[in-house]
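Enquirer: Fold the following.
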Amino acid sequence: MIGVEISARVAALAARRIERQGWANVRLLVAPAEQAPLPRDCDGALMFAAPDVYASVDAWANLRRALRPGARIAFFGAKTSRGPGGWVLNGLFRAAMPRLSFASTPVPTDAPWTLVEPELRELEIHEYFFGWMFLATGTWHPAAAPA
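Expert: This is a model prediction of the structure:
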């Protein structure tokens, strides 16, 4: 298992937990996702609060090179809401994100999976917390990927 983390501070916390748990099969890379030296033939990818990956052309291209055909993908994160009240809080959410995240983090949209959607089969999207959070899963197929 390989973890990629852009923040050295968060990576240090993860490294301590990995050591404390004795997880010998976990390797941690501290790098932006678009530059992380990933191995080939990965069976899957889990992206937790990682729009820097699933909404970034360069980061997604780097991850795609690491995936084997049929790899399972799961990603969870924040989004703007299409629901009632969304019009009130979406603007505040968009304004706050640059202050709460990295310069490379894209501004949230109501469909942050748009970049990866054409390449995933069996895509399932579930929204939570009145539409401000989502969980998406699917299977990556290079035949579905754009040329």
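Enquirer: And the strands in this structure?
Expert: Along the chain, counting by DSSP state E, strands occupy 2-5, 27-30, 42-48, 67-78, 120-128, 133-140.
Enquirer: Would you mind putting those into JSON lines with mean neighbour count alongside?
Expert: C-beta: built from backbone N, CA, C; applies to glycine. Rendered in JSON lines, the data for these read as follows (neighbours: other CB atoms under 10 Å):
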{"stretch": "strand 2-5", "mean neighbour count": "19"}
{"stretch": "strand 27-30", "mean neighbour count": "15"}
{"stretch": "strand 42-48", "mean neighbour count": "15"}
{"stretch": "strand 67-78", "mean neighbour count": "17"}
{"stretch": "strand 120-128", "mean neighbour count": "13"}
{"stretch": "strand 133-140", "mean neighbour count": "18"}
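Enquirer: Tell me which helix or strand in the chain has the weakest average pLDDT.
Expert: The helix or strand of the chain with the poorest confidence is helix 86-100; it has a mean of 70 (mean pLDDT, DSSP states H and E).
Enquirer: which regions of this protein lie under the pLDDT threshold?
Expert: Judged by pLDDT under 70, the chain has its weakly predicted residues at 94, 96-106, 143-147.
Enquirer: what are the phi and psi angles of the nearest residue to Ala111 once chain neighbours are set aside?
Expert: For Ala111, ignoring the flanking residues on the chain, the nearest one in space by CB to CB, 6 or more residues apart in numbering is Lys79 at 7.2 Å. Lys79 has phi and psi values of phi -150, psi 170 when expressed as degrees, to the nearest 10.
Enquirer: measure the closest residue to Arg82 other than its chain neighbours to Gly138 for me?
Expert: Across the structure, with CB to CB, 6+ apart as the measure, the residue nearest Arg82 apart from its sequence neighbours is Asp110 (5.2 Å). Separation of Asp110 from Gly138 (CB to CB, to the nearest Å): 18 Å.
Enquirer: Appreciated, that's everything.
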